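Novice: this one's structure only:
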């Protein structure tokens, strides 16, 4: 049984994309190389659709109102994860814009709670886990219409006609 045969169903490509967006870079490369061996056109398609934190933080934060509202409604640990990812992935020129966009949505209690976290952060932060959660949440917000990737980054959008499916999976 080939690796990608389990992803041949109507929503298999969406599941494979979710897997790629939730794993480490090394694992992603391994999976993509296996897919390329078995189905080059599918590998090319996945390469254009897969999100990464490096890519997300190149977007203009003004286009992601729904994402910031969602994060602001999250527990402090998830807000801290997002701030940490911003510090890691946002280009220097855009990091301030990302921080301001989030700060506008946070309550004074949330700001105080975040300020009280020591400079070294907290032990629970995992870059890989935080990245996977953020990318998964972006896809969920796209499915619900809270953000529109067709407007922000059309090649990454899953709402476009994709493999004969005309709606978001």
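Specialist: Looks like it came in fine. This structure is a prediction, so every number in the text was calculated from the model and none was measured.
Novice: alpha carbons only for contacts and neighbour counts from here, please
Specialist: Will do.
Novice: Can you name the element that comes right after the biggest helix by length in the chain?
Specialist: As assigned by DSSP state H, the longest helix anywhere in the chain is helix 127-144. Next in sequence after helix 127-144, counting helices and strands by DSSP states H and E, comes helix 149-152.
Novice: and residue 87, what element?
Specialist: helix 76-89.
Novice: Report the rounded mean pLDDT for the following helix or strand past that helix.
Specialist: For helix 76-89, the following helix or strand on the C-terminal side (DSSP H and E) is helix 92-105. The predicted model gives helix 92-105 an average pLDDT of 89.
Novice: just checking, what packs against helix 92-105?
Specialist: helix 65-72, helix 76-89 (3 or more Cα pairs under 8 Å, 6 or more residues apart in numbering; DSSP states H and E).
Novice: Can you add mean neighbour count, distance to residue 16 and mean pLDDT and give these back as TSV?
Specialist: As requested, the helices and strands packed on helix 92-105 are exported to TSV (neighbours: other Cα atoms under 10 Å; distance: least, Cα to Cα, whole Å; pLDDT from 0 to 100):
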stretch	mean neighbour count	distance to residue 16	mean pLDDT
helix 65-72	18	23	92
helix 76-89	18	24	89
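Novice: Just put those in TSV and tack on distance to residue 156.
Specialist: Output for the helices and strands packed on helix 92-105, formatted as TSV (distance: least, Cα to Cα, whole Å):
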stretch	distance to residue 156
helix 65-72	16
helix 76-89	18
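Novice: For residue 147, find the nearest of those.
Specialist: helix 65-72 (5.5 Å; Cα to Cα).
Novice: could you check the angle helix 127-144 makes with the closest one?
Specialist: In terms of direction (axes from the mean of the first three to the mean of the last three Cα atoms, to 10 degrees), helix 65-72 departs from helix 127-144 by 130 degrees.
Novice: Which residues outside helix 65-72 are in contact with it?
Specialist: 78-79, 82, 101-102, 105-106, 138, 141, 146-147 (Cα atoms under 8 Å, 6 or more residues apart in numbering).
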